[in-house]
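**Q** my questions concern the predicted model and sequence given below.
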Amino acid sequence: MSEVIAETENIVKMGKNLGADEVIAKTIFGRYRQTRFSNNQVDISAAWNDYVTDVMLTWKRRLVATEIRNFQNVEESVKRLFSLAKASKENPTYGGVARGKFSYQKSRADKAVGNLENPAEYVFEAIEAARNEAGPNINAGGILFSSLENVYLVSSEGPIGEDTRSAIELSIRAFSEREASGHGVECSSTLNNFDPARAGRKAGEIAKQARNPKPGIEGQYDVIFDPLFVGSLLGMWGRMTSAFSVMIQLSVFVNKLGQKVASETVTLRDNPAAYSMGNRVFDDEGVPARENVLIGKGVLKTYLHNTSTAKKFQTETTGNAGIVVPTPWNLELDAGSMNREEMFREVKHGLYLTNTWYTRFQNWAKGDFSTIPRDGIFLVEGGEIKQSWKDVRISDNALRMLNNIAGISKERQPVHWWIEARPPSLSPYILMKDVQITRPK
Amino acid sequence: MDKDIVDFALKHAMEKKVSYAEARAHSINHEELVVKNGVLDAYASLVDSGFCVRVLVDGGIGFASTNKWERDEAKAIVEIAYKYAKMAKRKDKISFAEEKSVKSNWEVLEKQKIEDVSPETRIDTMMDLDKALTTQGIHVAARMLGLETDLTEKYFTNTEGSVISSYVPRIYAGGFLTVIENGKPEQSYKAFGSSGGWEALEAWNLTEQMINEAKILQKVIKEAKPVKPGKTDLLCGPEVTGIAAHESCGHPMEADRILGREMSQAGRSFIYPNGSYWLGTKIGSSAVTIIDDPAVKNSYGYYAYDDEGIKARPRYLYKEGVINELLHNRETAAKLNTRSNGSSRAIKYDREAIVRMANTFVQPGEMNEEEIFEDVKRGVYMRSFTEWNIDDKRFNQRYVGREAFAIKNGEITNMVARPVIETTTQIFWSAVDAVSKKVEFDAATCGKGDPMQGAPVYTGGPIIRLREVYVK
């Protein structure tokens, strides 16, 4: 047993000795590094080290939580937390945490991610790749981010485990003109598969095509979504499968288990696999994290659960705790049968949208929302890009769009970007019918 | 908070060849509870405390932070920040605009200290609110009610001799409601926030306001009629005025965005040097003056000095319809040959301070409410909004009404269902021909930065009247 596990277990014992019913302590030593750049130059490089133990404790169905960062006063912190539980109120719907011993897959994290000697080199490599695609006058900005977390979890109910989680991403947006840009991302859990130039090339390629954009035209279009855009859509749909979202109606999937919610081509999974930035071997209760089919051939199969929400829905946990909010780790849309070129050939008069931001709902339960495409927005005619557009918005419905997916590409790409394309995902190109496009008047 | 360690970190940085260095510590005592559909889901209480250093070396910036309050750790973060700053190898060197050193110790006072409010009182407040919402004869099918308090102690010191200590208590409450009538759902999120003590809760009339919100949603389902698309007069209530001021004035006036520093995340700006829109360009009617002022008393976005030690003051962003003054930190000010106006904020010790808004609002005018409505023959009054967004150059925006009414011959008549204005910044602010007297504020959390830094702000303004804009 490692020293940290012993210290983490000690916190659990302190809570139990005070009279708590359940205690889970999770210690994370995180090393996070980021280089931000713009105008083709590094603006700032940052390093932050975080040492924290998250503690949840229940007493007579009262759930309280804290984060311990000052390890000089651990006992005091646990005592205070237990007092808080006593002052708190019973949650009659609380269904407990996972019990028993579990065995976990071995973490395949890459510790080298935590020791990048010169992260700026990756940035320069990506900028150079964008420049090679779009010419010497591009203006590129973005981030390189890496994290290495050592995670130690002990639960009074049995689970005990160690995990190492590594992630590295490069996000680059390149401008070939003031209003012509492209965005590329490169996301991985290991340095082996990490190729910053790939993101730079993609950003440069789109930026080049996006030159001289014309104002878009309102209407209903067949749309090819780039994997980066699909990452945002998957995040939107995936978060709506959390049982927490369902309970407060932040979801179009309320009361739709077992029902058709998407076209038959759609199989959406949550899979915290080793390749992903969302990799993990257990959830926040110590339940083995696993692959779950959320939507199978268009039918809603399950919500995402922790033990407590699963009990409320009379099912089993899916290994997605969040103690309070079950959450997706890494969304995967199953590959389809088309390649990218075939997908373009299908489009007689439509659009190719490469990225989006600012997705906001007017009604989550109904699914009415809008989002603003950015970077390359292209008019496609006869299967070919004919014109670069700007200033359009998708004003549509989340459920309608799921049902209008007409094609999914064979190619898929790990995607994650800022707060927009999250959680991490494995995203293909998708072809969607009849998407509503609006523009300012 | 051990200020000696923070001073030690700065001293260690000064021993290196730095052009500038600062050390900043935050200690945030945070309490939060969530009541979901009538039950207390969880109560969290924690102290998030740590410190950072930022150094400027050979025109590059390095930043490092830790939550381990030890001298060895302080040395270690200085070393890595120094190494990272040198790694930048910039062609155009970053510099900071010159500022005088400051010594200050400031705080926001609490009439009723937040730390004296027991967990039981906090829980009862939100449980009672939930109960009130469910006993009005309205089917509020889903409720998520949250209450948060942050007691933030900060300490800032830099190589120029500034030493600033501060204490700001903040309180925030929010409610997400789903009302269902005849199988039709309507939803809203309403937020409340202040700096100061527990007394804020009383000032908000939280229960009354949330009940009113539920009633509005019920009325929307039962009574609201679609809008006939076309050009019409549009009156925006303070909530809508405020979000428009924040999104299409505050954000595009952030100098770091203008200079491209946020280009791959929050984007750039339609305002930039040598562009169609720059300082002195007309962007709205002469009725439009938009101010960002950190000094609004007890506001959610209040501060006296920013996180670079610059004294806060009001910034007149758009003045009588003209682009007037950008929001600056020391880095952007140096780049554009001006002085910082105190707009640099970090939400935690482990985040770089970046250019942020504080409290952004439209300056009040002369008209009372009756006057502003009375000569509207046909129009829409959008009192509050639901869905909204804006493009990343902050020009193409959309606001969808939550509580909205038709206006006929100066009178408010029937409710209208989700009217939409989707227009440009230039069209929106140029269409304003009248502004009412009374300013109201709403609390919001402004998102920017990578990693994301959600900053407490106010948005606000009076009722404004737009003539002949397209509403659908």
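**A** Ah, there it is.
**Q** how many residues are close by residue 16?
**A** Looking at chain A here, since you left the chain open. Number of residues near A:K16 (other C-beta atoms under 10 Å in any protein chain shown) recorded here: 15. All C-beta spots, glycine's among them, are computed from the backbone N, C-alpha and C.
**Q** the chain in question should be chain B.
**A** B:K16 has 15 neighbours, counted by other C-beta under 10 Å.
**Q** quick one: it is in a helix?
**A** No - going by DSSP: H, G, I helix; E, B strand; the rest coil, the assignment for B:K16 is coil, not a helix.
**Q** excluding chain neighbours, what is closest to it?
**A** B:Y82 (5.3 Å; C-beta to C-beta, 6 or more residues apart in numbering or on different chains).
**Q** surely the one you found touches B:A13?
**A** Yes - judged on C-beta atoms under 8 Å, B:Y82 makes contact with B:A13 at a distance of 7.2 Å.
**Q** what sits in contact with each of those two?
**A** Residues touching both B:Y82 and B:A13 (C-beta atoms under 8 Å, 6 or more residues apart in numbering or on different chains) are B:V55.
**Q** how is chain A carved up into domains?
**A** Taking automatic domain parsing as the domain assignment, the ranges for chain A are A:3-207, A:213-441.
**Q** mind putting the ones you listed into JSON lines with mean pLDDT?
**A** Below are the domains of chain A laid out as JSON lines (pLDDT from 0 to 100):
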{"stretch": "domain A:3-207", "mean pLDDT": "96"}
{"stretch": "domain A:213-441", "mean pLDDT": "97"}
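**Q** export those domains to CSV and tack on distance to chain B?
**A** Shown next, in CSV, are the domains of chain A (distance: least, C-beta to the nearest C-beta, whole Å):
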stretch, distance to chain B
domain A:3-207, 4
domain A:213-441, 4
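**Q** closest one to B:D72 among those domains?
**A** Relative to B:D72, the nearest member of the domains of chain A by C-beta to C-beta is domain A:3-207, separated by 12.0 Å.
**Q** quick one: contacts of the one helix or strand the residue nearest to B:K16 maps to?
**A** B:Y82 belongs to helix B:71-87 when assigned by DSSP states H and E. Residues from elsewhere that reach helix B:71-87, judged by C-beta under 8 Å, 6+ apart: A:35, A:42, A:44-47, A:49, A:118-120, B:5-6, B:8-9, B:12-13, B:16, B:18, B:51-58, B:60-66.
**Q** follow-up on the earlier one: now do the residue nearest to B:K16: how many residues are near it, please.
**A** Using other C-beta under 10 Å, B:Y82 is surrounded by 22 other residues.
**Q** on that earlier part again, in helices, which of the contacts of helix B:71-87 fall?
**A** Those of these mapping onto helices are A:120, B:5-6, B:8-9, B:12-13, per DSSP state H.
**Q** redo the residues you listed as a markdown table? Include neighbour count.
**A** Formatted as a markdown table, the ones in helices among the contacts of helix B:71-87 follow (neighbours: other C-beta atoms under 10 Å in any protein chain shown):
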| residue | neighbour count |
| --- | --- |
| A:A120 | 19 |
| B:I5 | 18 |
| B:V6 | 24 |
| B:F8 | 17 |
| B:A9 | 29 |
| B:H12 | 20 |
| B:A13 | 27 |
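**Q** show me the helices in chain B, by range?
**A** B:3-14, B:71-87, B:119-133, B:199-204, B:206-223, B:238-245, B:255-258, B:330-335, B:369-374, B:425-430.
**Q** again, but for chain A
**A** In chain A, the helices defined using DSSP H lie at A:3-18, A:74-87, A:120-134, A:196-209, A:227-239, A:243-247, A:307-312, A:340-346, A:398-403.
**Q** out of those, nearest to A:A98?
**A** Comparing the helices of chain A under C-beta to C-beta, the one sitting nearest is helix A:307-312, at 5.0 Å.
**Q** nearest to chain A: which residue in the stretch 51-200 of chain B?
**A** Nearest residue of the stretch 51-200 of chain B to chain A, counting by C-beta to the nearest C-beta: B:Y84, 3.5 Å away.
**Q** next, count neighbours for that residue.
**A** B:Y84 is flanked by 27 other residues according to other C-beta under 10 Å.
**Q** likewise for the one 4 residues further on?
**A** As a burial measure, B:A88 scores 24 neighbours (other C-beta under 10 Å).
**Q** for A:I168, which non-adjacent residue is spatially closest?
**A** Nearest residue to A:I168 in three dimensions, chain neighbours excluded: A:S146, at 4.4 Å (C-beta to C-beta, 6+ apart).
**Q** tell me how far the one you found lies from A:K202.
**A** A:S146 sits at a distance of 20 Å from A:K202 (criterion: C-beta to C-beta, to the nearest Å).
**Q** what do you get for B:A287?
**A** To A:K202, B:A287 is 46 Å away according to C-beta to C-beta.
**Q** the two: who's more crowded?
**A** Higher neighbour count among B:A287 and A:K202: A:K202, with 27 against 21, using other C-beta under 10 Å.
**Q** residues in contact with the closest residue to that one other than its chain neighbours?
**A** Setting aside the residues directly before and after it, A:K202 is nearest to A:G184 in space (C-beta to C-beta, 6+ apart), at 3.3 Å. Counting by C-beta under 8 Å, 6+ apart, A:G184 makes contact with A:126, A:130, A:171-172, A:174, A:198-204, A:206, A:228.
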